[in-house]
Each structure stands twice: as structure tokens, then as C-alpha cells.
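S.K.: below is the structure, and that's it, no one-letter string:
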């Protein structure tokens, strides 16, 4: 694919479409749009221009212009991505959704919220709570991630064990398609099989099949009772082997997380606060919720008992807000805390069937020893989703790239042997596109490519993400 | 599109692929494949040949043959569809999945069942229950519908209010694509964003984008306590107005159904058994479940109280199996019971936002009076999904078609004004394809057509279903 550069004529047209104030071309103003949360210069690239449209019509005009001029568009939410999905790896236009940040409607009768993509996930959660309702999407980055980015990556997060990932909460989308058409699929109907399920094809397509401009989010009753458990174990294997036991105990926990000892230490350093049993080999963190106090009590007692019978050092129960927040702060700070150990790292997002987590963590330990590198791990145990993070520490460029290549090759091999996959919630973006191609069959890739080509024949929508550039 | 007829050479090739015993060409043997559960000769058509493949490889061969010879293929499950989706409206090959009826695995560690498409939904439910687990898909036709058909139509059913429709329970599919490629997407990973969400695009695509040959179903813990409520009301409007109140009371019922007086009478006639308060204007049927007895009690007491405060004639609680079965028999027999009123009818599947159900039922009553016809209604109130059924009774062909045209035109108009849509769970099939085209925009249709064309350029997979023949 040959793309054209953004020239002065294009910039003038962009200014006509969105207004001059919403077009950035200065280096220092564009710098923050050159990266996401991947902490590696490999995955940084300066945009040729940044535009901040204010509505779907403007986006439609920009998309039509990009098609005419063969210029790539990279849509961008909060920039909290972990796969370089919002980084303009081959230049062109970065289209930031930051100005489309209105909550359009809270419908308490039908339990829906209608929002623009630039609202932060945290604000969605807060607004729902203010109405006595729950928006169950809960990525660790909720305070800064945009709901549009959650839709684009099909973000997971902490409550997915019980409530499912983002796609579960999305019932309607307004989308600017790659040809500039503005279409709406779905809405406030909780069941709808009228035509193909375009809504859930767009969710998780990382801005490669269109730009989402309006989102119908399903809310649910706010659970009346919530309890959190923090359960330290002497070692990782003992801890993680309790996870399949909890998952088959006849209850569905809201969250079921784990942290290994390096992650606990990092969190303690980052928060500058002593954590309970911080010398433990691992934490299991678990949340249960419900409409009845006795049910919540029954559930956490069942889980606590299971843990005690299976080697827990202690079971801390937090049934008040402040203790709960303390526990979650340690878990949610993972990405930032890891920087205390090494400013540059490579965070993975592998997923395996829940029963295979112990084997997967065993393999990570083996690989870590083999290549003499630290790989702290933490993640959503109840979902089989492991954020194994390779630390660069003092390595030079050459050693670092060689280390990553070796570790990822071996790690992905294990993951596929266990029936797992590359990404549970962070997405493929640019970072994992090559690895995905290596592990998918030609026939699988053909399905993806056919759909991409059918909807975006000029390949202007976030090219090089998910599918590699041909 | 010009298709070719199935000739002797093609039949010989089919016999070579699946064996002569699995190829039917005799009129009387093919007759049962000429219709589904739509009770109208308009939607019947004799296949040119019926094949019963036994594995994905055979299906791949058949699909390649159909492409080469330009012969349409209509995949078929249990034949319980309600939109003529499995009827070969333009002839060609009917591909019945009835021989692919094995349960391949029950994985109690990861809570998955892996099945072939020809297993009945009832057997899936029963097998899960035998392992102390729940398969939460529960269409009224479960005893005879195939799980593959549930996937193809994204079947809804009674438990969708709490547990969601079929697509929620599907985590992996093996698919024979329209070009004959056999591909697998997903599996036992409960989170997976590696590439586009092909699994949930195929679910609900009614056999127009490929043929599903293996299904990974998610199971969940079997709720320990279940209670059902049967709540008669003096009239439909009083009954239905309680639905949004229940849905916003802070609990999520498992099922929330309604039946109007005609439906109750029909069920009574069909079951030949007196139903409680069968002179009532409407029933609300509600189920709650959970892991704790007190929670289930609290929940049904909240609902019962709400109903009593809002005009219920009585609140019957069934917390034992036999009374529960009696209640559900009345509700689940709807499709069969309606035949007692009129052997020919047109059952609709409209869906509206929950808060709009009262207005929608008002409109149905108005339309029924205007055209002097009976339109019994019943359905999944908690999902906004209404099975309004136009009865033919003694009308001649001309009067019947005129009646249907008039009623559907006005009904669909109301549904769209209320923000609703054509089909909640039965699908578009052949029956609603024209109506769908009338109500979708060109831009929406273009998205659907592009995907169909990209994956099935020869349009051999169930042509004329969902999208009309061009």
C-alpha cells in the first residue's frame, strides 16, 4: 500500500472541517499523541497532524478526505493502550476523540447510558453509581482510559469474571465507517437479531473497521453488598492452584486476581506503604457481590475456607470501603508500579484456559531462569489472563531486543500448547500484529483480511494494526 | 445471481463425499426438509437433494462442490425455526446437521462443553445438569431445536434476562467457511481479543456466512435455589406496567415473561388442564435463582410485593419442581397452543426497549381492533421481546395476505417509532428479509452486503436469507 503524506492542502481542508483550533501541527503539541502506555521507543511515532473533531459529521468528512488523498487515520482515545494501537506507526492523521466527551443520556428506566467515545471510563462508572446503577466494565486504567478505547480494544478488567468484558455491556454503536458513512446498529433493545451482529464485530476491532462516535452502554443494578478478600500464600504455585477450585465451587466471584511476589514488592515500593504479608510468595485477591448480605457472606466464607484448606497464610476480609480501596490500589497500580523495577518493560497479556494457569506460570518461571531475567506476573486469574512483564533493567538495546525475542517466542509457544491465545484484553495493535500472523493459519487470516478489505478497501483506517501491512 | 440445478453428476459426487445412505432424493423422504415451524405454505419449498454429512471435512467438500457448480446450500438444524431460515427457498442442497450429534467433551474444570451442532439444546441442558452445571440458553423449543440452530439464529429464550442470549454462551466455533476452508476461532479462553470477533459475527448469521461444525459452550454453576412466580392480573396493561418496575428494583430476575388472555386460554385448551386464574387478563411469569436461599426469598418477595402494590390479582410462588414445571408448560407451549385457535398464523418476534412495552401492546390492541383480527401476544417481557401472533382463522388466501400486509406494516411502523427492531430471537430468515431491507438504511445494508460478499462471493450459502437475493 502506498500512502501519501499530509500536505498543506490537506491541513487546510482539515481546518475547514474541524476549525483551526482543533488541528495541531506543532511538534511539541503533537508529542503526547506519538505514544501510548507501551514503555518502549520502538512503539512511538510522531503524527503528521492531529485533529480533534467534535461530532460524527466532521469525522465523516475527515474519513472521506483521507480516502480521497490516501492518507492513513489513527483514531485515539485516552492513550492508555498497551499495544501501540493508537500510535500512528506510519504517520498520517491522528484523530483524537477527546472533544467528544459528553454523556448524552442516563436512562434509568431501561438501564442504559448513551455516551460519546471521549468520556473516561471512570466518569461512566461514577455517573452510573450516582444513579444507583453499575457500569460493570472496570479496566485498571479506568480513571484515564476513554470508553471509546474500551470499546475499540474490548477492554477486560477486574469484574469480567462475573460481568464479562466490555463487549457484554455494549448494545448499540454509531460508527463512521471507513467510507465515511455514518451508521447506527443496535440501541436500547436488549435482544436484537435483525441482520448481522455488526456491533460486536466493531467492538475489539481497534479502530481498523471504523470510528465509534456514540455508544449505548447497558447498566445493571448496583449490588447492595460487596466484600473483598486478600489472601497471601507462601508461593505462587500454591496460590494459583486454588483458582480453578474457587471457579468450580458453585459461585461466581466478581473478581479473582493474583499478584506474584515481585508485583507485590513493586506495589509496596510505588505506593510507599507497607502491604500486609508483603513477603508472601503471592496474593489472591477476590471480590464477591450481591443483593443479599447473607449470600455475600456465604460466598466469601466458601472461598476463604477453600483457601485455608489449600495453603493460605491468612484470609483478610474487607467489607468496608476504605480497606477495599487499599487492596485494590495495590492491584490496580501494577502498570505504574512495575516502572519502579524497570522503567522499560514489555507487558504481555496472554490468556489460557483457567485450569492451565499453574502450568503457564511454571513455564514463565522456567523461561525467566533460562534467560536470567525478571518476569513479574499479575492478572485476572479467574479469566486465565496473565500480565507477564519482561523487565529490561540495565540491558542495552541489542540485549533487550534479543531477550524479548527469545522470551516471547518461548512464552507464546507454551501459551499455544496450553490452548491459549496472545491477548486477553490489551489487543493486538501494532505490537502483536506479527506474532498474531505467525500463530494464525492462512485460512483464519483470510477471514480477517476479507472483512477488512470489504469495509476499508483503501486500508486507511489504522493500517498496520491487528493485520500487518501487506 | 444465476444458480444451476442439482444434476445427476452432482448427486453422484455428493454420494461419493457422504456415502449413498446420506443422500436423499426421494420426494417423500425430502418432504420434512421442505419447511420449518412457520405455519404457512408461502414458506415451504422442496429441496433438490438432502445431504447428511458426518464431519467438517465432508461439509468442506460439499461447499467446494457447490461453489464450483453454483448450487445454493441451505444448512439445517432441528427445523424448529420460525423465519424459514432453514427452508431452501430457491432449491438446491439442504445440508442437514442431524448426524453430527455428539457431545465431544464436558470440561468440568474450565466449565465448558464442546459439542457438534446436531445435539439438541435439551440434551446440552440435561448433560450440563448431570454435572451440576447450567447451560443457560433456554429457547422454548429446547427439546427439539439443535444447538447449531441456536447458534445460527442467536436464540434467546426464557433465561436471557439474567444470563443473556445464546451468543453469550459461545466462546469458540469451528466453521466451514463459504469457500470450504475449515477454521476455528476461540475455544476455552474466557477472554480473547486476538483478531476480530469472528465467533460472534457467525453467531446469528443464519447459515449465510458459513456452517458451524463444532461449538465451545460456556457452562456455569447450577443455581442452588430457584423460585417461580405466577402472577395473574385483571388486564394486560396493568400487568405489563409492572415489568419496568421489576427491572429497576435492584434485582435481576432470571426470567420475566408475560401471556395475554388469549394465550392463556389457548394454553389451557392445548394442555387440556385448568390453569389458575385462567380468566385473568394477563399472566406475568417470573423466575429468580441464586446460591443462597435467603437471597432467592428476598428477591421473590420484592417482586411479589411490587406486583401486589400494582394490581396483581394473586401471587403464586412455586418453589418445587412439579409446580414450576406446570407454570412453564403453559408458557412454553405457546407456539403449539396457538394452533388450537388457528392452524395458520403469523408469529412475530418484535423487540422494543423495556419501558416501551406498554405502548407497543396498546398499539397491537388498536391494530387488532382496526383490522378485526385476533393477535394473541406472549413473550419475554424482561427483554422487551413480544411474540405477537396474527391468526388467520377462516380467512381465504387473499384476505389473509392482505391482513398480514396491513398488520405488519402498521406494527413495524410502531416498533420503529418506539426504537425497537424486527426480530429479537427468531431471526430474519426468508420471512423478514424484505421487511428488514425496507427498514434499514442503504448505508447499513451496505455494511451487511460487503461482509456477505467478502466471505461468500458466489452467494451459495443460504442465499435469500437475511439479505434478499439481488
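M.R.: Yep, it's here. These numbers come from a predicted model, not from an experiment.
S.K.: and the next helix or strand past the lengthiest helix in chain A?
M.R.: Criterion DSSP state H: the longest helix present in chain A is helix A:397-417. Scanning forward in sequence from helix A:397-417 by DSSP states H and E, the next helix or strand is helix A:433-439.
S.K.: close to chain B, is that following helix?
M.R.: Yes - if you take C-beta under 8 Å from any C-beta of the partner chain as the test, helix A:433-439 does meet chain B, through residue A:436. No exception for glycine: its C-beta is placed from N, CA and C like everyone else's.
S.K.: and that helix, how far from the chain's centre?
M.R.: In terms of C-alpha atoms, centre = their mean, to the nearest Å, the centre of helix A:433-439 is set 19 Å apart from its chain centre.
S.K.: wait, is residue A:104 part of a strand?
M.R.: Yes - the assignment for residue A:104, made by DSSP: H, G, I helix; E, B strand; the rest coil, places it in a strand.
S.K.: what does the pLDDT read for it?
M.R.: Per-residue confidence at residue A:104 stands at 98 (pLDDT).
S.K.: how many neighbours does the closest residue to it other than its chain neighbours have?
M.R.: The shortest distance from residue A:104 to any non-neighbouring residue, by C-beta to C-beta, 6 or more residues apart in numbering or on different chains, is to residue A:114 (4.4 Å). By the criterion of other C-beta atoms under 10 Å in any protein chain shown, residue A:114 has 18 neighbours.
S.K.: what's opposite residue A:114 in the beta bridge?
M.R.: residue A:105, residue A:216 (DSSP bridges).
S.K.: okay, it: pLDDT?
M.R.: Per the predicted model, pLDDT is 98 at residue A:114.
S.K.: close enough to count as contact, it and residue A:215?
M.R.: Yes - here residue A:114 reaches residue A:215: they are 7.1 Å apart, a contact under C-beta atoms under 8 Å.
S.K.: what do those two both touch?
M.R.: Listed as contacting both residue A:114 and residue A:215 by C-beta atoms under 8 Å, 6 or more residues apart in numbering or on different chains are residue A:172.
S.K.: helices and strands of chain A: which one bottoms out on pLDDT?
M.R.: Lowest on mean pLDDT, DSSP states H and E among the helices and strands of chain A sits helix A:321-332, with a mean of 88.
S.K.: now the helix or strand following that helix against helix A:321-332, angle please.
M.R.: Using DSSP H and E, the next helix or strand after helix A:321-332 towards the C-terminus is helix A:334-341. Put simply, helix A:334-341 runs at 60 degrees to helix A:321-332, going by axes from the mean of the first three to the mean of the last three C-alpha atoms, to 10 degrees.
S.K.: so how far is helix A:334-341 off the chain centroid?
M.R.: Here helix A:334-341 is found 17 Å from its chain centre; the criterion is C-alpha atoms, centre = their mean.
S.K.: try stretch A:135-143
M.R.: Worked out by C-alpha atoms, centre = their mean, stretch A:135-143 lies 9 Å from the chain centre.
S.K.: give me the local confidence score for the spatially closest residue to residue A:251 that is not a sequence neighbour.
M.R.: Excluding the flanking residues, the one nearest residue A:251 by C-beta to C-beta, 6+ apart is residue A:299, at 4.9 Å. The model reports residue A:299 with a pLDDT of 94.
S.K.: can you list contacts of the one helix or strand residue A:299 maps to?
M.R.: Per DSSP H and E: residue A:299 is located in helix A:293-309. Here helix A:293-309 makes contact (C-beta under 8 Å, 6+ apart) with A:224-227, A:229, A:231, A:242, A:245-246, A:249-251, A:253, A:284, A:286, A:288-290, A:312, A:315, A:317, B:290-292, B:294-295.
S.K.: helices and strands around the least confident helix or strand of chain A, which ones?
M.R.: Other helices and strands packing on helix A:321-332, by 3 or more C-beta pairs under 8 Å, 6 or more residues apart in numbering or on different chains; DSSP states H and E, are strand A:225-233, strand A:255-260, helix A:261-271, strand A:282-290, strand A:316-318.
S.K.: how about 6 Å then?
M.R.: When contacts are defined as 3 or more C-beta pairs under 6 Å, 6 or more residues apart in numbering or on different chains; DSSP states H and E, helix A:321-332 packs onto strand A:225-233.
S.K.: after the strand it packs on, next one along is what?
M.R.: From strand A:225-233, the next helix or strand downstream (DSSP H and E) is helix A:236-240.
S.K.: what mean pLDDT does that following helix have?
M.R.: The model assigns helix A:236-240 a mean pLDDT of 96.
S.K.: stretch A:183-194 now?
M.R.: pLDDT averaged over stretch A:183-194 gives 97.
S.K.: now that stretch: buried residues?
M.R.: By 16 or more other C-beta atoms under 10 Å in any protein chain shown, the buried positions in stretch A:183-194 come out as A:183, A:184, A:185, A:186, A:187, A:188, A:189, A:190, A:191, A:192, A:193, A:194.
S.K.: now, which of these lie close to chain B?
M.R.: A:183, A:187, A:188, A:189, A:190, A:191, A:192, A:193, A:194 (C-beta under 6 Å from any C-beta of the partner chain).
S.K.: is it true that the fourth one touches residue B:419?
M.R.: No - at 7.4 Å, residue A:189 does not count as touching residue B:419 under the criterion of C-beta atoms under 6 Å.
S.K.: which residues touch the longest helix of chain A?
M.R.: Residues outside helix A:397-417 that contact it (C-beta atoms under 6 Å, 6 or more residues apart in numbering or on different chains): A:346, A:350, A:363, A:367, A:371, A:373, A:390, A:392.
S.K.: which ones among the residues you listed are found in strands?
M.R.: The strands, defined by DSSP state E, take in A:346, A:350, A:390 from the contacts of helix A:397-417.
S.K.: name the nearest residue to the second one, sequence neighbours excluded.
M.R.: Meaning residue A:350. residue A:415 (4.8 Å).
S.K.: ok, the one you found to residue A:402 distance?
M.R.: 20 Å (C-beta to C-beta, to the nearest Å).
S.K.: with neighbour count and pLDDT added, can I get the ones in strands among the contacts of helix A:397-417 in JSON lines?
M.R.: As requested, these are arranged in JSON lines below (neighbours: other C-beta atoms under 10 Å in any protein chain shown; pLDDT from 0 to 100):
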{"residue": "A:346", "neighbour count": "22", "pLDDT": "97"}
{"residue": "A:350", "neighbour count": "27", "pLDDT": "98"}
{"residue": "A:390", "neighbour count": "26", "pLDDT": "98"}
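S.K.: among those, which one lies nearest to residue B:358?
M.R.: residue A:350 (49.0 Å; C-beta to C-beta).
S.K.: thought the closest one was touching residue A:386?
M.R.: Yes - at 5.3 Å, residue A:350 counts as touching residue A:386 under the criterion of C-beta under 6 Å.
S.K.: hmm, back to that, among the ones next to chain B among the buried residues of stretch A:183-194, which one sits closest to residue B:329?
M.R.: residue A:191 (23.2 Å).
S.K.: quick one: secondary structure of that closest one?
M.R.: Classified using three-state DSSP, residue A:191 is coil.
S.K.: for it, which non-adjacent residue is spatially closest?
M.R.: Residue A:191 sits nearest to residue B:424 (C-beta to C-beta, 6+ apart), 4.0 Å away.
S.K.: ok, the one you found touching residue B:384?
M.R.: No - if you go by C-beta under 6 Å, residue B:424 and residue B:384 don't touch, sitting 7.4 Å apart.
S.K.: find the residues that touch each one of the two.
M.R.: residue B:351.
S.K.: re earlier: please state the offset of the helix holding residue A:299 from the chain centre?
M.R.: The answer for helix A:293-309 is 30 Å, by C-alpha atoms, centre = their mean.
S.K.: repeat for stretch A:294-310
M.R.: With C-alpha atoms, centre = their mean, you get 30 Å for stretch A:294-310.
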